[in-house]
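1. Build the 3D model from these lines:
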Amino acid sequence: MDWQGIFNYFRLLRKRWRWQRLRRAHLRLGRRGERAAARLLENTGSEILCRNYRAGRDEIDLVVRENCILCFVEVKTRRYKPDIRPAEAVDAAKRRHIMRGARRYLREIGSPELSVRFDIIEVITQGYRIHEIRQMKNAFRQK
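-> Purely as a prediction, here's the structure:
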């Protein structure tokens, strides 16, 4: 292998390492947001039944019981930008995935007589601190 080949090989490794580092930071931010959302729900008297429930490719961030209501919560965490709301990232396809996961969860627990609600919690960070947390109850409905 010539010097140019060695140089290209190390350049490729550096790009890959940088991408993996950015991806890890993104995942850490998401986990931090989910922890903050869980604390918010617990402080308001809700009971967290499940975190990161997986049904195939579908995932529900938090499954929560609030009195007689079973809430399926999607947590969206973003860095602060004044003109962008994190909930905008929950498009129709994401809502379908959440609803499909919710149906699977209900089948697994035997479909109790509880009302169901779909919420979105926005967590906005600024630097290393939580800037804002906003819960959008009934953010969307099952058809």
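
2. Look up how far Glu59 lies from Arg24.
-> 19 Å (Cβ to Cβ, to the nearest Å). Quick note: C-beta positions are derived from backbone N, CA and C, even for glycine.

3. and those two? which has more neighbours close in?
-> The neighbour count for Arg24 versus Glu59, taken as other Cβ atoms under 10 Å, is higher for Glu59 (13 against 10).

4. Find me the pLDDT at that one, would you?
-> With respect to pLDDT, Glu59 scores 92.

5. what do you get for Ile69?
-> 93.

6. which element follows the one helix or strand Arg51 maps to toward the C-terminus?
-> If you go by DSSP states H and E, Arg51 is part of strand 47-55. Using DSSP H and E, the next helix or strand after strand 47-55 towards the C-terminus is strand 58-66.

7. That next one vs strand 47-55, what angle?
-> 160 degrees (axes from the mean of the first three to the mean of the last three Cα atoms, to 10 degrees).

8. Only C-alpha atoms, please: export strand 58-66 in PDB.
-> Extracted in PDB, the C-alpha atoms of strand 58-66 (Å, rounded to 0.1, in the frame of the first residue of the first chain):
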ATOM      1  CA  ASP A  58     -42.100   0.000  16.900                       C
ATOM      2  CA  GLU A  59     -41.000   1.700  20.200                       C
ATOM      3  CA  ILE A  60     -42.900   3.700  22.800                       C
ATOM      4  CA  ASP A  61     -40.700   5.900  25.000                       C
ATOM      5  CA  LEU A  62     -42.900   5.800  28.100                       C
ATOM      6  CA  VAL A  63     -46.100   3.900  29.100                       C
ATOM      7  CA  VAL A  64     -47.700   5.700  32.000                       C
ATOM      8  CA  ARG A  65     -50.800   5.300  34.100                       C
ATOM      9  CA  GLU A  66     -52.500   8.500  35.100                       C
END
